[in-house]
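Asks: What would the 3D arrangement of this be:
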Amino acid sequence: MTESIEEKKVPANPGEEWLKVESLDLDAQGVAHKADGMVVFIEGALPFEEVRFNVHRRKNNWEQGTVTAIRRESSQRVRPGCPHFGLHTGACGGCKMQHLDAAAQVAVKQRALEDNLWHLGKVKPENLLRPLEGPAWHYRYRARLSVRHVVKKGTVLIGFHERKSRYLADMQVCPVLPKQVSEMLMPLRELIGSMDARDTCPQIELACGDAPDSTRLGTIALVLRHLEPLSRADIDRLKAFAEKNEGVQWWLQPKGPDTVKLLEEGGTPLAYRLPEFGVTMPFKPTDFTQVNPHINRALVGKALRLLDVQPDERVIDWFCGLGNFTLPLASRAREVLGIEGSDTLVARATDNFKRNQPATSARRELSPATFVARNLFEMTPEMLVADGGADKWLVDPPREGAFALAKAIADLHQQPELRTDGWTPPKRIVYVSCNPSTLARDAGLLVHQAGYRCTHAGVVNMFPHTAHVESIAVFELE
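Replies: Numbering: from 1, shown residues only. Predicted coordinates:
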């Protein structure tokens, strides 16, 4: 932290108002109240601290500002692990919570989950799950890095935007990226700076795979977005960089995501592994996969244990993607149906399932898994019935949540005459969420209109040092 908050500590000044910070919101702002009741959101302040701040935004009933002095410091304040984090000019905006102890970050997210469930869904879980946690640093195997040739500075910048700015931060390292990738940032800047196309390459998308033993980094895919065709000299520069940096694999993207193409054939394909289930998942750098592979492995195992799938059960995996949960489910259930909105992803999931069938009898064969495409944001009770009953569901939607799905099952609960062909609701649902507010909304439907109880809920710390809240909840049919 170039300009640490600790250096701003000053003694109390009689006559000036000090505010006691009461809590932390999900933008990592301290929340306090002035003497007249005005709510104040203070960047850089932590709960239980006494601070002063300067105002940079004011409305009728609230103010927003940045801490300028701390009289009483929180015991949970820590020195940030990244030199580009802070409140100073030019600070990186990629992380918001590095000044807060990692365990306290998780507690804030757990409180946010509980508050959302209660205030938005009027749902209180019967049990709170222990948070799922993993490495706090070097965890981010996926990232979209902006690229900009800054003529005035005579350099190329690569990384995330500055805090509350359209400008790129001057990042030399990034401790949340894999160590090998962090150490590659400056060489990448030099590479792009040497290219003929340095002014027409706005982005590099990063996607890392696992090594075969799943304990270290494997292939490092770099997808270069280029607005103009690359010269032969630039192609040679990219190839030379890949030869010099172990594991690097260049992909080129001249237009939309469907134009992404591998620069040189060969090398180790991208894949991640779920050793607990004997599953290997090949993927392309533009496919959706979880940012944090360490937590993803733990999350898949936790979800399946909570679902408690039995060998005679049929399971539906909603929003199945590449089959992240579907293939592990097929190692436990009698039959699995994976449903996804994209025909392309359905084809990829089907291919992944075939690839994971054992070539010899030494490995257990996966149970039948079928993948189909549905518009999951326009689900109806009739569509739900048509897909057949299932003993259990796994639901893993995007940030928009699974409202149509929850509404359809609620309608079937309230209108039994719609349950044709002997359809019955699942007796258990495990819902994995990346947005606590849409989870709360859907939980309210399941609990108050579809006949379920919320038996468990807890947070999954997929993105340490950020305000992102991943969570998991379990619903049992009454």
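Asks: Glu162: how many residues sit nearby?
Replies: 21 (other CB atoms under 10 Å). All C-beta spots, glycine's among them, are computed from the backbone N, C-alpha and C.
Asks: buried set for the lengthiest strand in the chain?
Replies: Scanning the chain for the longest strand, with DSSP state E as the assignment, gives strand 62-72. Across strand 62-72, burial judged by 16 or more other CB atoms under 10 Å covers 63-67, 69-71.
Asks: Over to stretch 294-314?
Replies: Within stretch 294-314, judged by 16+ other CB under 10 Å, the buried ones are 294-304, 306-307, 309, 313-314.
Asks: and of the buried residues of strand 62-72, the nearest to His413?
Replies: Gln64 (43.3 Å; CB to CB).
Asks: Just the pLDDT for the residue nearest to Leu439 when sequence neighbours are not counted.
Replies: Counting by CB to CB, 6 or more residues apart in numbering, Leu439 lies nearest to Ser433, which is 3.7 Å off, once chain neighbours are set aside. At Ser433, the pLDDT value in this model is 98.
Asks: contacting residues around Ser433?
Replies: Taking CB atoms under 8 Å, 6 or more residues apart in numbering, we find Ser433 in contact with 397, 401, 439, 470-473.
Asks: before we move on, back to that, check the model's average confidence along the longest strand of the chain for me.
Replies: In this model, strand 62-72 has a mean pLDDT of 94.
Asks: re earlier: between the buried residues of strand 62-72, which is closest to Glu114?
Replies: Of all the buried residues of strand 62-72, Gln64 has the smallest distance to Glu114: 24.8 Å, by CB to CB.
Asks: List the contacts of the closest one.
Replies: 29, 40-43, 55-58.
Asks: mind giving me JSON lines with those residues and columns for distance to Cys320, neighbour count and secondary structure?
Replies: What follows is the contacts of Gln64, written out as JSON lines (distance: CB to CB, whole Å; neighbours: other CB atoms under 10 Å; DSSP: H, G, I helix; E, B strand; the rest coil):
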{"residue": "Gln29", "distance to Cys320": "36", "neighbour count": "22", "secondary structure": "strand"}
{"residue": "Val40", "distance to Cys320": "44", "neighbour count": "21", "secondary structure": "strand"}
{"residue": "Phe41", "distance to Cys320": "39", "neighbour count": "18", "secondary structure": "strand"}
{"residue": "Ile42", "distance to Cys320": "42", "neighbour count": "25", "secondary structure": "strand"}
{"residue": "Glu43", "distance to Cys320": "39", "neighbour count": "18", "secondary structure": "strand"}
{"residue": "Val55", "distance to Cys320": "48", "neighbour count": "11", "secondary structure": "strand"}
{"residue": "His56", "distance to Cys320": "44", "neighbour count": "11", "secondary structure": "strand"}
{"residue": "Arg57", "distance to Cys320": "42", "neighbour count": "9", "secondary structure": "strand"}
{"residue": "Arg58", "distance to Cys320": "47", "neighbour count": "12", "secondary structure": "strand"}
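Asks: ok, back up a step: in the sheet, who's paired with the residue nearest to Leu439?
Replies: With DSSP bridges as the criterion, Ser433 is bridged to Ser471.
Asks: and the gap between it and Gly247?
Replies: Remark: distance between Ser433 and Gly247 (CB to CB, to the nearest Å) = 33 Å.
Asks: Quick one: the strands in the stretch 51-200 of the chain, in order.
Replies: Along the stretch 51-200 of the chain, the stretches classed as strands by DSSP state E, counting those that start in this stretch are 62-72, 127-128, 142-150, 155-159.
Asks: Among the ones you listed, which comes closest to Phe288?
Replies: Across the strands of the stretch 51-200 of the chain, Phe288 has its closest neighbour in strand 142-150 (9.0 Å, CB to CB).
Asks: Adjacent strands (with direction) for the closest one?
Replies: According to DSSP bridges, strand 142-150 forms sheet pairs with strand 155-159 (antiparallel), strand 203-210 (antiparallel).
Asks: for the last one, the distance to its chain's centre please.
Replies: Between the centre of strand 203-210 and the centre of its host chain there is 15 Å, according to CA atoms, centre = their mean, to the nearest Å.
Asks: immediately after that strand, which helix or strand?
Replies: Counting by DSSP states H and E, the next helix or strand C-terminal to strand 203-210 is strand 217-225.
Asks: domains of this structure?
Replies: By the record's domain assignment, the chain is partitioned as 19-77, 116-134+292-358+365-477, 142-271 (the TED database).
Asks: Compute the first-to-last residue distance for the longest one.
Replies: End-to-end distance of domain 116-134+292-358+365-477 (CA to CA, to the nearest Å): 22 Å.
Asks: returning to that earlier point: out of the contacts of Ser433, which is nearest to Leu168?
Replies: Comparing these against Leu168 with CB to CB picks out Glu470 as the nearest, at 26.9 Å.
Asks: wait, what's in contact with Leu327?
Replies: Leu327 neighbours (CB under 8 Å, 6+ apart): 274, 277, 279, 281, 352-353, 356, 366, 369.
Asks: The helix or strand containing it: how far from the chain's middle?
Replies: Element membership for Leu327, per DSSP H and E: helix 326-330. Taking CA atoms, centre = their mean, one finds the center of helix 326-330 at 21 Å from the center of the full chain.
Asks: Going toward the C-terminus from it, what's the next helix or strand?
Replies: As assigned by DSSP H and E, the chain's next helix or strand after helix 326-330 is strand 335-340.
Asks: Sheet partners, orientation included, of that following strand?
Replies: Counting by DSSP bridges, the strands paired with strand 335-340 are strand 314-318 (parallel), strand 369-373 (parallel).
Asks: wait, Ile316 sits on Ile339?
Replies: Yes. Ile316 is in contact with Ile339 according to CB atoms under 8 Å; the separation is 6.5 Å.
Asks: Overlap in contacts, these two.
Replies: Shared contacts of Ile316 and Ile339, defined by CB under 8 Å, 6+ apart, are found at Asp387.
Asks: so how far does stretch 242-249 reach from one end to the other?
Replies: 6 Å.
Asks: no no, stretch 20-38
Replies: From its first residue to its last, stretch 20-38 covers 13 Å (CA to CA).
Asks: average pLDDT across it?
Replies: 92.
Asks: what comes into contact with it?
Replies: Residues outside stretch 20-38 that contact it (CB under 8 Å, 6+ apart) are 17, 19, 39-51, 61-64, 67, 96-97, 100, 108-109, 112, 467, 469.
Asks: in it, what counts as buried?
Replies: Buried residues in stretch 20-38, counted by 16+ other CB under 10 Å: 21, 24, 26, 28-32.
Asks: So which of the buried residues of stretch 294-314 belong to strands?
Replies: Secondary structure from DSSP E places Arg314 of these in strands.
Asks: can you tell me which of the buried residues of stretch 294-314 are in helices?
Replies: Mapping the buried residues of stretch 294-314 onto helices (DSSP state H) picks out 294-304, 306-307.
Asks: Make TSV out of those and add pLDDT and distance to Arg77.
Replies: Converted to TSV, those look like this (pLDDT from 0 to 100; distance: CB to CB, whole Å):
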residue	pLDDT	distance to Arg77
His294	95	26
Ile295	97	25
Asn296	97	30
Arg297	96	31
Ala298	97	28
Leu299	98	29
Val300	98	34
Gly301	97	34
Lys302	98	31
Ala303	98	34
Leu304	98	38
Leu306	98	35
Leu307	98	39
